[in-house]
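>>> okay, predicted coordinates and the sequence, questions at the end:
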Amino acid sequence: MIEIDCLGEICPVPVMMLKKHQQAIRSGEQVLLVTDHSCARKSITEYCGKVNLRCSINEVINGVWEICIEA
């Protein structure tokens, strides 16, 4: 699993960082993106929908989300 730490990063940085790993995701790798920016939840979900990736979001502590992305 690839972990992407986006704590403190605002949009569009989380999507840009996810795009760097898109080929690995298509090859079967899972990505765990951690963010504390609430708008990233929406932008990552929209991006995944556009490129046919699945994502699930879990708020692990108040204001911090783990987004798991896979093909």
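Arrived safely.
>>> who are the contact partners of the closest residue to H37 other than its chain neighbours?
The shortest distance from H37 to any non-neighbouring residue, by CB to CB, 6 or more residues apart in numbering, is to I10 (5.3 Å). (Glycine included, C-beta is placed from N, CA and C.) Residues in contact with I10, defined by CB atoms under 8 Å, 6 or more residues apart in numbering, are H37, C39, A40.
>>> mind listing the helices for the chain?
Along the chain, the segments classed as helices by DSSP state H run 13-19, 22-26, 38-50.
>>> out of those, which one sits most buried?
helix 13-19 (a mean of 17; mean count of other CB atoms under 10 Å).
>>> look up how far C6 lies from the closest residue to G8 other than its chain neighbours.
Closest residue to G8 apart from its sequence neighbours, by CB to CB, 6+ apart: D36 at 6.8 Å. In this view, D36 and C6 are 8 Å apart by CB to CB, to the nearest Å.
>>> just E70 next, same as before
17 Å.
>>> ok, now I67?
Applying CB to CB, the value for I67 to C6 is 9 Å.
>>> find residues that contact each of those two.
Residues touching both I67 and C6 (CB under 8 Å, 6+ apart): L33, V34, T35, A40.
>>> taking the residues you listed, tell me the two that lie furthest apart.
The most widely separated members of the shared contacts of I67 and C6 are V34 and A40, with 9.8 Å between them, by CB to CB.
>>> confidence score at the nearest residue to L18 once chain neighbours are set aside?
Excluding its sequence neighbours, the residue lying closest to L18 (CB to CB, 6+ apart) is L33, at 6.1 Å. For L33, the pLDDT comes out at 98.
>>> now the one 5 residues further on
pLDDT, S38: 93.
>>> likewise for the one 4 residues further on?
Reading off the per-residue confidence, K42 sits at a pLDDT of 95.
>>> how about E3?
For E3, the pLDDT comes out at 97.
>>> again, but for T45
What the model reports for T45 is a pLDDT of 97.
>>> for the nearest residue to it once chain neighbours are set aside, which residues are in contact?
With sequence-adjacent residues excluded and distances taken as CB to CB, 6+ apart, T45 is closest to C55, at 6.0 Å. C55 is in contact with I44, T45, C48, I67, C68, I69, E70, counting by CB under 8 Å, 6+ apart.
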